[in-house]
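**Q** Whatever this is, show me its structure:
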Amino acid sequence: LARVPAGYDLPITDERFRVSDRPRVLAYKEMYVREQIAQVQAINILQMSGGRMLGPMWCDPSIWNRQRDGSSVADEYAAILGSKWVLRGNNDRLAGVGRIHRALLSHEGRAPELVIMKSCRNLLRTLPTLPRDKHNPEDIFTDAEDHPYDSARYGLMGGTLRRKSAAKRKYKIGTKEKVA
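**A** I've put the predicted structure just below:
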């Protein structure tokens, strides 16, 4: 699962997540680049995925904004990655802050839901230093370097926590007996 905020001059961050059975979300791979046009970004995302998309890519909703020629960055991504993989991320910032906080919270002896691997060094570098918005302390100050955070927020808000194993199980109603 990939998460991509938009950008050319600002960094584009592609965080890769894998959902385990606990449920646990592992942020395990990161691409952090600047000054790449959308087609090059999409090619790099595809290469980072081993040449094929492994799951949905929740993107900054601004990439659906139309450019002067009528196309959008989302169109350019879809042409390379496939339209079924390029999805509009949930841009509710306040809900996203809450979602990140819940995912990082460890309570009642349980480990946090979100585990960030060392390979995601920009997410690890920027997440603890994000300042609060002075006008809305429930939000992050958006002029800070928040692209890795946004990427994680889009991923967590995009439904990464659907447990694969539970989704595959089918039971007879009212029993624990599996249906073949």
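
**Q** C-alpha from now on. contacts and neighbour counts both.
**A** Noted.

**Q** The chain: helices as residue ranges?
**A** Using DSSP state H, the helices of the chain run over residues 38-48, 73-81, 93-104, 121-126, 147-157, 164-168.

**Q** Indicate which one of those is closest to Ser20.
**A** Minimum separation from Ser20 across the helices of the chain (C-alpha to C-alpha) falls at helix 164-168, 7.8 Å.

**Q** Output the below-cut-off pLDDT ranges for this structure.
**A** Residue ranges of the chain with pLDDT under 70: 1-8, 21-22, 159-180.

**Q** centroid residue for it?
**A** Gly155 (2.5 Å; C-alpha atoms, centre = their mean).

**Q** In contact with Arg102, which residues are there?
**A** Going by C-alpha atoms under 8 Å, 6 or more residues apart in numbering, Arg102 touches Glu113.

**Q** what about it, distance to Ser71?
**A** From Arg102 over to Ser71 the distance is 37 Å, taken as C-alpha to C-alpha, to the nearest Å.

**Q** Also Leu54?
**A** Computed with C-alpha to C-alpha, the distance linking Leu54 and Ser71 is 25 Å.

**Q** Would you state the strands of the protein in chain order?
**A** For the chain, the strands defined by DSSP state E cover 2-4, 12-20, 24-33, 57-59, 86-88, 114-116.

**Q** Reformat those as CSV; add distance to Ser151.
**A** Below are these laid out as CSV (distance: least, C-alpha to C-alpha, whole Å):
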stretch, distance to Ser151
strand 2-4, 5
strand 12-20, 6
strand 24-33, 10
strand 57-59, 8
strand 86-88, 12
strand 114-116, 13
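
**Q** okay if I get these as CSV plus distance to Glu76 and mean neighbour count?
**A** Output for the strands of the chain, formatted as CSV (distance: least, C-alpha to C-alpha, whole Å; neighbours: other C-alpha atoms under 10 Å):
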stretch, distance to Glu76, mean neighbour count
strand 2-4, 14, 30
strand 12-20, 15, 23
strand 24-33, 17, 19
strand 57-59, 13, 27
strand 86-88, 10, 20
strand 114-116, 29, 19
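
**Q** of these, which approaches Asn122 most closely?
**A** Closest approach to Asn122 among the strands of the chain is made by strand 24-33 (7.5 Å; C-alpha to C-alpha).

**Q** can you dump the C-alpha coordinates of the closest one into PDB?
**A** Extracted C-alpha coordinates of strand 24-33, given in PDB (Å, rounded to 0.1, in the frame of the first residue of the first chain):
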ATOM      1  CA  ARG A  24      -0.300  -4.100  12.900                       C
ATOM      2  CA  VAL A  25       0.700  -1.700  10.200                       C
ATOM      3  CA  LEU A  26       4.300  -1.700   9.200                       C
ATOM      4  CA  ALA A  27       5.800   1.300   7.400                       C
ATOM      5  CA  TYR A  28       8.700  -0.500   5.700                       C
ATOM      6  CA  LYS A  29       9.800   1.400   2.600                       C
ATOM      7  CA  GLU A  30      10.000   5.100   1.600                       C
ATOM      8  CA  MET A  31      10.700   7.200  -1.500                       C
ATOM      9  CA  TYR A  32      11.400  10.800  -0.800                       C
ATOM     10  CA  VAL A  33      12.300  12.900  -3.900                       C
END
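
**Q** Having no further points to raise, I will conclude here.
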